[in-house]
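A.B. asks: Give me the fold of what follows.
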Amino acid sequence: MLKRRRYKYEEQEQLIPLINEIRCDHPRMSARDIYLKLQPNCMGRDQFERFCMDSGYRIKKLRNFRVTTNSLGVTRFPNLIKGIEVTRVNQVFVSDITYFDIGQDTYYLTFIMDLYNREIVGWSASDNLRTESTTLPALNRLISERGKANLKGAIMHSDGGGQYYCKEFKELTKSLEMINSMTEEKVYENSHAERLNGIIKNNYLYPYGPTNMTSLKRLLAKAVLMYNTGKPHKALGKQTPSKFRSTIDNENNSSGYFPLSTVNHINYKRSKLSNKKVNVI
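C.D. replies: I've put the predicted structure just below:
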């Protein structure tokens, strides 16, 4: 019973950023039409409409809808990336969940991106908003891509969706010794992840034209590969994310670079007491 309530609350919380996104794409779409589009399992049509109205249906108020705690022991995390200087891979990861339409059906995409080299390192596609279908498989893919040892001390930054503070997700980030971080109010606090959503959907997936979940998963993997290996970024000196990381790895290997955990890096920057040489790009 308690587990069902927790799942329901997590899905309900993730509806807020999804409603925001739909309202940006469809400014005059009604609450009823949004319900038909999302078809959430956590509530019926009338409850969904009340939920929209109680939350403040306009986008600005929806973005300010935050719950700090509830009877299930939900906690929030502070925004740890505001003003931070990102100097290496595996230091800060940003993540977000977005929707993707195929005909009358709505699916959900989850991405994790390394903020330093803009590389997508975790992703998933699902037909529901449950944690085991969204953030957990994306995080497990990140582990496969980068390795557990390299994630120690890294910041995992996200919006306020329940899938990022549920018990299973927190247990996994804790076991990896990652540091959880969340947006507070403003959308730009997770702007890199939200911009990535639009790029993958509009520049890759919609042109690819997936027709069902099977083809969506296959074409999503292709989109991630094309983005990581074929899309130059101005911020990366017009290199692709993969090429930029390879360049940095080669430079660091030839110069005796050694990685620092995020916490040690911050302490180093503040105290300036370390006598070890660190190559900062």
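A.B. asks: what residues are up against the closest residue to K148 other than its chain neighbours?
C.D. replies: Counting by C-beta to C-beta, 6 or more residues apart in numbering, K148 lies nearest to L176, which is 6.0 Å off, once chain neighbours are set aside. For the C-beta atoms, the positions are set from N, CA and C on the backbone; glycine is no exception. Taking C-beta atoms under 8 Å, 6 or more residues apart in numbering as the criterion, L176 is in contact with I143, K148, L151, K152, A154.
A.B. asks: So L176 versus E13, what's the distance?
C.D. replies: Here L176 is placed at a distance of 23 Å from E13 (C-beta to C-beta, to the nearest Å).
A.B. asks: Could you pull out the buried residues of stretch 131-138?
C.D. replies: T131, S133, T134, T135, L136, P137, A138 (16 or more other C-beta atoms under 10 Å).
A.B. asks: taking the contacts of L176 one by one, which sit in strands?
C.D. replies: With strands taken from DSSP state E, there is no overlap with the contacts of L176.
A.B. asks: Filter these down to the ones in helices?
C.D. replies: I143 (DSSP state H).
A.B. asks: Check the contacts of L176 for burial and list the buried ones.
C.D. replies: For those, a burial check counting by 16+ other C-beta under 10 Å picks out L151, A154.
A.B. asks: And the contacts of L176, which is closest to P40?
C.D. replies: I143 (28.9 Å; C-beta to C-beta).
A.B. asks: need the contact list for that closest one.
C.D. replies: Counting by C-beta under 8 Å, 6+ apart, I143 makes contact with L151, L176.
A.B. asks: shift numbering so it begins at 18
C.D. replies: All set: I'll call the first residue 18, so the last point we hit is now I160.
A.B. asks: What separation do you get for it and E27?
C.D. replies: Per C-beta to C-beta, I160 is found 21 Å from E27.
A.B. asks: L146 too?
C.D. replies: 8 Å.
A.B. asks: Please apply the same query to I119.
C.D. replies: For I119, the distance to E27 - C-beta to C-beta - is 24 Å.
A.B. asks: SS state for N58?
C.D. replies: Under DSSP: H, G, I helix; E, B strand; the rest coil, N58 falls in the coil class.
A.B. asks: burial count for it?
C.D. replies: 12 (other C-beta atoms under 10 Å).
A.B. asks: For it, list the residues it contacts.
C.D. replies: E28, N145, L146.
A.B. asks: can these go into CSV with extra columns for neighbour count and distance to V241?
C.D. replies: Output for the contacts of N58, formatted as CSV (neighbours: other C-beta atoms under 10 Å; distance: C-beta to C-beta, whole Å):
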residue, neighbour count, distance to V241
E28, 22, 25
N145, 15, 21
L146, 27, 21
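A.B. asks: Please identify which of the contacts of L193 is nearest to M130.
C.D. replies: Nearest to M130 among the contacts of L193: A171, at 12.4 Å, using C-beta to C-beta.
A.B. asks: right, and that closest one touches V106 too?
C.D. replies: No. Counting by C-beta atoms under 8 Å, V106 is not a contact partner of A171; they are 9.4 Å apart.
A.B. asks: Output the lengthiest helix in the chain in CSV with nothing but the alpha carbons.
C.D. replies: The helix that spans the most residues within the chain, counting by DSSP H, is helix 19-42. Coordinates of each C-alpha in helix 19-42 appear next as CSV, following Å, rounded to 0.1, in the frame of the first residue of the first chain:
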residue,chain,number,x,y,z
LEU,A,19,2.8,2.4,1.0
LYS,A,20,4.8,1.5,-2.1
ARG,A,21,1.8,2.2,-4.4
ARG,A,22,1.2,5.6,-2.7
ARG,A,23,4.9,6.4,-3.2
TYR,A,24,4.8,5.5,-6.9
LYS,A,25,1.6,7.5,-7.4
TYR,A,26,3.2,10.5,-5.8
GLU,A,27,6.4,10.2,-7.8
GLU,A,28,4.5,10.1,-11.1
GLN,A,29,2.3,13.0,-10.0
GLU,A,30,5.3,15.1,-9.3
GLN,A,31,6.8,14.4,-12.7
LEU,A,32,3.6,15.7,-14.3
ILE,A,33,4.5,19.3,-13.4
PRO,A,34,7.5,19.7,-15.7
LEU,A,35,5.8,17.7,-18.5
ILE,A,36,2.7,20.0,-18.3
ASN,A,37,5.1,22.9,-18.5
GLU,A,38,6.7,21.5,-21.6
ILE,A,39,3.4,20.8,-23.3
ARG,A,40,2.1,24.2,-22.5
CYS,A,41,5.2,25.7,-24.1
ASP,A,42,4.6,23.6,-27.3
